[in-house]
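Asker: Predicted structure and sequence below. I'll ask about it afterward.
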Amino acid sequence: MLLLPFQLLAVLFPGGDSEDAFQGPTSFHVNQISSFANSTWARNQGSGWLDDLQIHGWDSDSGTAIFLKPWSKGNSSDEEIAEVVEIFRVYFFGFTQEVERRASEFQLEYPLEIQVIAGCELRAGGSIGSFLRGAIGGLDFLSFGKDTCVPSPEGGSRAQHVCALIMQYQAVIDTVNMLLFDNFPRYLLGVLDAGKAELQRQVKPEAWLSRGPSPGPGRLLLVCHVSGFYPKPVRVRWMRGEQEQPGTQHSDLLPNADWTWYLRATLDVAAGEAAGLSCRVTHSSLEGRDIILLWGHPISIGLIFLAIIVPSLIVLLCLALWYIRRRSYQDIP
């Protein structure tokens with residue numbers, strides 16, 4: 001069991017260079033959002049993520065985890081999963097009660113929203129780092145290390161008071177240590193191994209060009225759309241020959257429903273300068289054969305003619321010949 005993490009690292013990163021050998025996610029974290037409308041109403045939302053791919057949900061009504069992928073349990077046994085789920089169920093219940101009980105003591109005002117993120121990530125060289133951070137209303141409040149609770153400057157005296165209170169409960173510290181430095185790292189390696197076929201897949205992007213809303217008189221907004229690619233890293237550039245255009249603007253990377261990604265790159269140019277520009281897409285699935293789309297290239301009209309008009313004419317010609325031959329047979333006495 002002590003060798004298991006190193007064996008999994010060897011499988012996942014066979015070249016020794018984790019960033020080059022593994023194209024999929026390299027971190028796991030759970031998110032908690034606890035909303036308190038008043039002293040008697042609260043709701044906890046939970047989710048589990050590989051980087052920015054969600055693989056777990058949390059049913060707050062039944063207090064159970066939702067596994068969104070067949071391999072979301074990783075290599076953990078049903079007993080291990082049940083133990084961790086029970087820890088979170090008890091935690092959410094106790095957390096809610098404790099906040100409601102101590103809201104006035106910590107001078108917390110309703111409505112109140114508390115965010116927590118906890119997890120681990122693979123680092124260069126194969127080491128694993130763990131983290132836990134808490135925030136109130138989007139402002140950093142505290143963080144955890146090994147046997148430590150560190151108040152954030154934004155949290156002020158309230159954060160110091162909370163950390164001092166937490167450190168009085170050794171059972172809480174032991175549970176946090178177990179999750180952060182034992183369960184989460186083993187789970188991350190296990191789920192990366194169990195989902196390796198899907199997480200390391202290569203899906204080629206589709207790309208097309210369009211014209212966006214006019215930025216102004218005599219100007220064009222050129223848009224290069226790239227969609228359906230996986231993994232996430234992609235490079236999209238507007239080019240003139242081999243020179244990248246410095247005015248290229250990129251949208252955020254947006255997820256598609258099938259776990260692939262979408263991105264668009266725009267370029268604001270004078271209408272007379274659009275000719276000769278191209279969009280270049282570089283992605284690992286293309287194996288060095290970048291997609292290059294030319295803006296307004298005359299060949300595009302020829303391709304449309306060849307792809308649509310010519311086949312249609314051939315079909316019409318065949319129908320005409322068939323009709324003529326049929327008439328000729330009917331005319332034979």
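Answerer: Yep, it's here. Numbering: from 1, shown residues only.
Asker: Tell me which residues are up against the top helix by length along the chain.
Answerer: Using DSSP state H, we find that the single longest helix of the chain is helix 78-102. For helix 78-102, contacts defined as CB atoms under 8 Å, 6 or more residues apart in numbering pick out 32, 34, 36, 39-40, 42, 44, 46, 58, 60, 63-65, 73, 76, 108, 112, 114, 175, 179, 183. Where you see a C-beta, it was placed from the backbone N, CA and C, and this is true even at glycine.
Asker: are any of those residues buried, and which?
Answerer: For the contacts of helix 78-102, a burial check counting by 16 or more other CB atoms under 10 Å picks out 32, 34, 36, 42, 44, 46, 58, 65, 73, 76, 108, 112, 114, 179, 183.
Asker: Surely the second one and Asn44 touch.
Answerer: Going back to what we said before, that points to Ser34. Yes. With contact defined as CB atoms under 8 Å, Ser34 counts as touching Asn44 (5.0 Å).
Asker: so where's the stretch 201-333 of the chain uncertain?
Answerer: Along the stretch 201-333 of the chain, the model assigns pLDDT under 70 to residues 297-313, 315, 320-323, 325-333.
Asker: now the helices for it?
Answerer: Using DSSP state H, counting those that start in this stretch, the helices of the stretch 201-333 of the chain run over 299-304, 310-331.
Asker: ok, back up a step: quick one: mean pLDDT for the longest helix of the chain?
Answerer: Across helix 78-102, pLDDT averages out at 94.
Asker: ditto for stretch 28-46
Answerer: 95.
Asker: and if you look at stretch 60-71?
Answerer: 93.
Asker: Just the CA trace of that stretch, in PDB.
Answerer: Provided in PDB are the C-alpha atoms of stretch 60-71 (Å, rounded to 0.1, in the frame of the first residue of the first chain):
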ATOM      1  CA  SER A  60     -28.300  18.000   0.300                       C
ATOM      2  CA  ASP A  61     -31.800  16.600   1.000                       C
ATOM      3  CA  SER A  62     -30.600  13.000   1.400                       C
ATOM      4  CA  GLY A  63     -27.000  13.800   2.400                       C
ATOM      5  CA  THR A  64     -25.400  11.600  -0.200                       C
ATOM      6  CA  ALA A  65     -22.800  12.000  -2.900                       C
ATOM      7  CA  ILE A  66     -23.700  11.900  -6.600                       C
ATOM      8  CA  PHE A  67     -21.200  10.200  -8.900                       C
ATOM      9  CA  LEU A  68     -21.300  11.800 -12.400                       C
ATOM     10  CA  LYS A  69     -19.000   9.400 -14.100                       C
ATOM     11  CA  PRO A  70     -18.600   5.500 -14.000                       C
ATOM     12  CA  TRP A  71     -15.100   6.000 -12.700                       C
END
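Asker: Residues touching that stretch, excluding its own?
Answerer: Among residues not part of stretch 60-71, those counted as contacts by CB under 8 Å, 6+ apart are 43-46, 48, 54-59, 73, 81, 85, 88-89, 92-93, 191, 194-195, 198.
Asker: separation between the closest residue to Phe141 other than its chain neighbours and Val162?
Answerer: The shortest distance from Phe141 to any non-neighbouring residue, by CB to CB, 6 or more residues apart in numbering, is to Gly155 (4.3 Å). Separation of Gly155 from Val162 (CB to CB, to the nearest Å) stands at 8 Å.
Asker: how close does the residue nearest to Phe141 get to Ser143?
Answerer: According to CB to CB, Gly155 stands 10 Å off from Ser143.
Asker: Brilliant, that's me finished.
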